[in-house]
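**Student:** structure of the sequence below:
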Amino acid sequence: MAKTFEYHDVIQAPPEKIFEAMTDPAWYEEWTRVQGGQNPRMRVESKTDTSAYVVLDLEEGLPKPFGTIKAQMTFSWELPRHFCTWKRSGEGIGGKARVEGSTELKDLGNGTTEFIEKGTVDVPVPMVGKKLEAGVIEHLGKTRPEKLRFLKERVEG
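**Tutor:** Residues are numbered from 1 along each chain as shown. Okay, here's the model as predicted:
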């Protein structure tokens, strides 16, 4: 059975400023490194007044014996709502994993935003799948404080 996660954080910046950071390739690549991603390469495939589509290629370290795998994340933004659906795909055992979710930048007024991330991790591999799901959720929780610090440093300053 898949594991889910949900985070709610308040950031002292308007949604537009957070969105701009999240679609800036150089900044987002560094943000990916902060979260443990390796060799990230991001490209904005399209960006208009109503939408944005962003692709992130990276490498991820998995527990032994799996090692490092190549992965890709896609982000589809709806504007001006500042709502994004995203999903991750990978190679090898990482290709069996389903990791997808959403990011919402909810305007709270006065230049404040609720940063909401929700997602599902499903690794349908007998015996090791549940352990890998738990490891992904644990990693997300462990890297969250640094991820938020890095984001706030960019947008609140």
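**Student:** who's in contact with stretch 91-107?
**Tutor:** 2, 5, 14-15, 18-19, 22, 60, 62, 66, 69-71, 75, 82-90, 113-125, 129, 132, 136 (Cβ atoms under 8 Å, 6 or more residues apart in numbering). (C-beta placed from N, C-alpha, C; glycine too.)
**Student:** drop anything exposed from the residues you listed.
**Tutor:** Among the contacts of stretch 91-107, the ones that count as buried by 16 or more other Cβ atoms under 10 Å are 14-15, 18-19, 22, 60, 62, 69-71, 75, 82-84, 86, 88, 90, 113, 115, 117, 119, 121-123, 129, 132, 136.
**Student:** what comes up buried for the longest helix belonging to the chain?
**Tutor:** Assignment by DSSP state H gives helix 129-155 as the longest helix of the chain. Within helix 129-155, the residues that qualify as buried are 129, 132-133, 136, 140, 147, 150-152, 154-155, counting by 16+ other Cβ under 10 Å.
**Student:** likewise for stretch 24-41?
**Tutor:** 24, 27-29, 31-32, 35, 37, 40.
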